[in-house]
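Novice: Just to be clear, the model below is a prediction. Sequence and coordinates:
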Amino acid sequence: MDKIRIVGGNELKGSIPISGAKNAALPLMIASLLTEEKLILENVPRLADVALLQRILGNHGVDITTNGKRNGDDPFAGQTLEIDARVIVDTTAPYDLVSRMRASFWVVGPLLARMGVARVSLPGGCAIGTRPVDFHLDALRALGADIEIDAGYVVAKAPKGLIGARIVFPKVSVGATHTALMAASVARGESVIENAAREPEIVDLADCLIKMGARIEGAGTSTIRVEGVARLKAARHAVLPDRIETGTYAMAAAMTGGDVMLAGARPDLLEGALETLRQAGAEIDATNEGIRVRRNGAGILPVDVATAPYPGFPTDLQAQFMALMTKARGRSRITETIFENRFMHVQELARLGAKIHMDGDTATVEGVERLTGAPVMATDLRASVSLVIAGLAAEGETMVQRVYHLDRGFEKLEEKLSGCGAEIERISG
Ligand SMILES: CC(=O)N[C@H]1[C@@H](OP(=O)(O)OP(=O)(O)OC[C@H]2O[C@@H](n3ccc(=O)[nH]c3=O)[C@H](O)[C@@H]2O)O[C@H](CO)[C@@H](O)[C@@H]1O
Ligand SMILES: C=C(OP(=O)(O)O)C(=O)O
């Protein structure tokens with residue numbers, strides 16, 4: 001298994017290109033199942049999750065062509081996928097594939113809507129909580145589906161097609177909003193989705209569905225109205241920049257000090273998190289090129305945060321922010337309100353000398369003067385990158401093990417950071 005070796009202490013200086021968003025690319029690829037015509041997606045990140053979803057879609061009969069790289073191409077440019085779901089040969093998404101990635105479960109909505117039947121294994125994904133799928137299933141039931149659980153599989157049937165309905169989510173769910181939006185787009189009649197997630201990735205999916213001919217209003221607000229259409233057609237869409245990758249590198253720059261341009265990043269996608277970073281002492285400026293992050297001389301200030309659905313502080317940046325707070329001048333409190341078990345980075349950060357006390361859903365972090373390098377274990381995607389951020393500021397060598405978690409969501413992480421002066425390398429094995 002590969003490891004990442006970091007020798008901490010260098011300031012980050014330079015430019016980091018921001019990739020397309022994993023959490024938008026995945027539902028966009030899945031939306032291809034809704035049409036017999038070709039969906040062309042640009043700016044798709046090269047990630048393990050994207051490759052796995054290509055395999056899952058391939059299993060359903062979807063044909064995907066990827067543009068190759070030519071000499072002289074920007075090594076960080078995203079890929080273009082031409083996705084052709086003209087024929088669906090199999091409506092089963094098997095356990096061995098779906099159990100490895102949460103988002104793959106979302107094929108259930110489009111398969112059901114288009115084929116009238118779907119058999120999809122219950123999902124896996126980052127082990128950060130129980131993560132049930134009841135909201136997805138209730139949304140599909142509201143649209144007229146008959147759903148049973150059989151031997152670990154969701155078996156959904158709607159032989160006469162889905163019918164528009166009012167769907168009220170009891171709690172904000174990104175994935176269930178994706179499911180409802182995709183299924184309602186081709187249901188008969190009008191649907192209203194209430195308490196919908198407002199994340200930018202929902203807006204990106206809605207924008208692409210609209211290009212495909214869907215009639216959707218209100219994406220980005222809590223109430224989304226969808227007038228179902230008989231069929232969707234070909235479209236071309238570019239995936240929006242990854243706000244979590246952006247926030248992660250912004251925190252890395254705030255942690256090490258220095259001056260970094262996050263090229264291609266969109267500040268409007270993470271205003272709340274950037275404001276929190278400003279309070280922590282980082283200077284942040286939006287420019288034509290992206291977001292410039294600096295921290296010169298002054299130390300890191302403690303800031304309390306609680307995660308919340310968009311536009312609140314993202315749970316996907318909680319671990320990275322905790323890493324930053326380990327070196328703050330004072331005490332901060334970090335509360336996780338979305339997932340009940342998203343603190344696995346705490347004991348690993350402690351190996352580097354961080355002082356963190358847990359009480360229920362809140363971590364109290366006592367900033368320390370110095371962190372010291374140590375062997376640590378990546379436990380999930382964002383937890384892993386929090387260890388990288390801490391390692392960049394720790395004295396001596398940090399060896400991050402189980403980096404396959406990182407490869408799910410961070411494209412060319414070592415190249416991007418070493419390009420800004422970090423001492424970081426992958427050790428294959
Ligand atoms: C691939 C992707 O985009 N993953 C993101 C997505 O995950 P995901 O879509 O899985 O997360 P949700 O927004 O659905 O989860 C929010 C909360 O709702 C609960 N819940 C969800 C669905 C359901 O049927 N029943 C239920 O109880 C979850 O356990 C959790 O407590 O949004 C999360 C919250 O921003 C992010 O951390 C993940 O990175
Ligand atoms: C939790 C995440 O991914 P997933 O939902 O695929 O587990 C994430 O992207 O941080």
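Specialist: Yep, that arrived. These numbers were taken from a predicted model, which means no experiment stands behind them. Ligands and ions are numbered 1, 2, ... in the order given.

Novice: can we go C-alpha only for contacts and neighbour counts from here?
Specialist: Will do.

Novice: Residues of the stretch 201-350 of the chain that sit close to ligand 2?
Specialist: When proximity is defined as Cα under 6 Å from any ligand atom, the stretch 201-350 of the chain approaches ligand 2 at residue 316.

Novice: The stretch 201-350 of the chain: strands as residue ranges?
Specialist: For the stretch 201-350 of the chain, applying DSSP state E, counting those that start in this stretch gives strands covering 215-217, 223-227, 235-238, 258-263, 283-286, 290-295, 305-306, 331-335.

Novice: can I get the ones you listed in JSON lines with distance to residue 322, mean neighbour count and mean pLDDT?
Specialist: Compiled in JSON lines, the strands of the stretch 201-350 of the chain are given as follows (distance: least, Cα to Cα, whole Å; neighbours: other Cα atoms under 10 Å; pLDDT from 0 to 100):
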{"stretch": "strand 215-217", "distance to residue 322": "37", "mean neighbour count": "18", "mean pLDDT": "98"}
{"stretch": "strand 223-227", "distance to residue 322": "33", "mean neighbour count": "21", "mean pLDDT": "98"}
{"stretch": "strand 235-238", "distance to residue 322": "32", "mean neighbour count": "17", "mean pLDDT": "98"}
{"stretch": "strand 258-263", "distance to residue 322": "19", "mean neighbour count": "23", "mean pLDDT": "97"}
{"stretch": "strand 283-286", "distance to residue 322": "19", "mean neighbour count": "16", "mean pLDDT": "97"}
{"stretch": "strand 290-295", "distance to residue 322": "17", "mean neighbour count": "23", "mean pLDDT": "97"}
{"stretch": "strand 305-306", "distance to residue 322": "10", "mean neighbour count": "18", "mean pLDDT": "98"}
{"stretch": "strand 331-335", "distance to residue 322": "7", "mean neighbour count": "20", "mean pLDDT": "98"}
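
Novice: for the ones you listed, which one sits closest to residue 54?
Specialist: Distances from residue 54 to each of the strands of the stretch 201-350 of the chain were compared using Cα to Cα; the minimum, 17.3 Å, belongs to strand 235-238.

Novice: hmm, the helix or strand hosting residue 181 in reach of ligand 2?
Specialist: Residue 181 is located in helix 174-185, with elements delineated by DSSP states H and E. No - among the residues of helix 174-185, none lie within reach of ligand 2 under Cα under 6 Å from any ligand atom; the closest is 8.4 Å away.

Novice: The following helix or strand past that helix packs against which elements?
Specialist: Downstream of helix 174-185, the next assigned helix or strand under DSSP H and E is strand 190-194. Other helices and strands packing on strand 190-194, by 3 or more Cα pairs under 8 Å, 6 or more residues apart in numbering; DSSP states H and E, are strand 166-168, helix 174-185, strand 223-227.

Novice: Only the buried residues of the first one, if you could.
Specialist: For strand 166-168, the neighbour count (16 or more other Cα atoms under 10 Å) marks 167-168 as buried.

Novice: Name the residues that touch that strand?
Specialist: Defining contact as Cα atoms under 8 Å, 6 or more residues apart in numbering, one finds that strand 166-168 is touched by 139, 142, 191-196.

Novice: got it, and the last one?
Specialist: In this structure, residues lying in contact with strand 223-227 by Cα under 8 Å, 6+ apart are 164, 181, 184-185, 188-196, 214-218.

Novice: again, only this time at 10 Å
Specialist: With Cα atoms under 10 Å, 6 or more residues apart in numbering as the contact definition, strand 223-227 has outside contacts at 164-168, 177, 180-198, 206, 214-219.

Novice: Now a ChimeraX select for only the buried ones of those residues.
Specialist: Selecting only the buried members of the contacts of strand 223-227 in ChimeraX, with burial defined as 16+ other Cα under 10 Å, works like this:
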select :164,165,167,168,177,180,181,182,183,184,185,186,187,188,189,190,191,192,193,194,195,196,197,198,206,214,215,216,217,218,219
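
Novice: is it true that residue 138 lies in a strand?
Specialist: No - in this structure, residue 138 is helix, not part of a strand, as judged by DSSP: H, G, I helix; E, B strand; the rest coil.

Novice: where's it relative to ligand 1, distance?
Specialist: 8 Å (Cα to the nearest ligand atom, to the nearest Å).

Novice: Same check on residue 83?
Specialist: Shown here: residue 83 relative to ligand 1, a distance of 19 Å by Cα to the nearest ligand atom.

Novice: how deep is residue 89 tucked in, by neighbour count?
Specialist: Neighbour count for residue 89, taken as other Cα atoms under 10 Å: 12.

Novice: I figured it was touching residue 63, is that so?
Specialist: No - the pair formed by residue 89 and residue 63 falls short of the contact definition of Cα atoms under 10 Å, at 11.1 Å.

Novice: what's the first-to-last distance across stretch 349-361?
Specialist: With Cα to Cα, to the nearest Å applied, stretch 349-361 spans 17 Å between its terminal residues.

Novice: chain center to it, what's the gap?
Specialist: Taking Cα atoms, centre = their mean, to the nearest Å, one finds the center of stretch 349-361 at 24 Å from the center of the full chain.
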